[in-house]
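*Asks:* no sequence on hand, only this structure:
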């Protein structure tokens with residue numbers, strides 16, 4: 001989330017932009033949510049969260065479920 005803040009600050013200071021919109025997809029959406037939720041006065045006009053997830057563990061478990069793993073292999077070892 002700190003990276004988002006650095007980029008927004010850079011754009012504010014170095015790019016001729018009146019308004020800034022923040023768009024994130026998947027992990028980017030979750031990162032944008034964390035960034036904007038961590039500051040009192042968000043420096044952007046709007047945010048678009050595309051396919052954000054609420055839990056990395058649930059996301060990872062769903063991904064591992066799609067793999068064809070040998071039986072008996074603990075799923076947590078894959079991550």
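*Replies:* Cool, the structure landed. This structure is a prediction, so every number in the text was calculated from the model and none was measured. Numbering: from 1, shown residues only.

*Asks:* buried sites along the helix ranked longest in the chain?
*Replies:* What stands out as the longest helix in the chain, according to DSSP state H, is helix 2-14. For helix 2-14, burial by neighbour count (16 or more other Cβ atoms under 10 Å) applies to 4, 8. Just so you know, the C-beta spots here come from the backbone N, C-alpha and C atoms, and that holds for glycine as well.

*Asks:* for it, packing partners?
*Replies:* helix 27-37 (3 or more Cβ pairs under 8 Å, 6 or more residues apart in numbering; DSSP states H and E).

*Asks:* for the protein, where's the lowest mean pLDDT among helices and strands?
*Replies:* When each helix and strand of the chain is scored by mean pLDDT, DSSP states H and E, helix 75-78 comes last, with a mean of 66.

*Asks:* hmm, who's touching the longest helix of the chain?
*Replies:* Residues from elsewhere that reach helix 2-14, judged by Cβ atoms under 8 Å, 6 or more residues apart in numbering: 17, 20, 22, 31, 32, 35, 39, 43, 44.

*Asks:* now do the contacts for the fourth one.
*Replies:* Contacts of residue 31 were listed using Cβ under 8 Å, 6+ apart, and they are 1, 3, 4, 24.

*Asks:* how close does it get to residue 52?
*Replies:* 9 Å (Cβ to Cβ, to the nearest Å).
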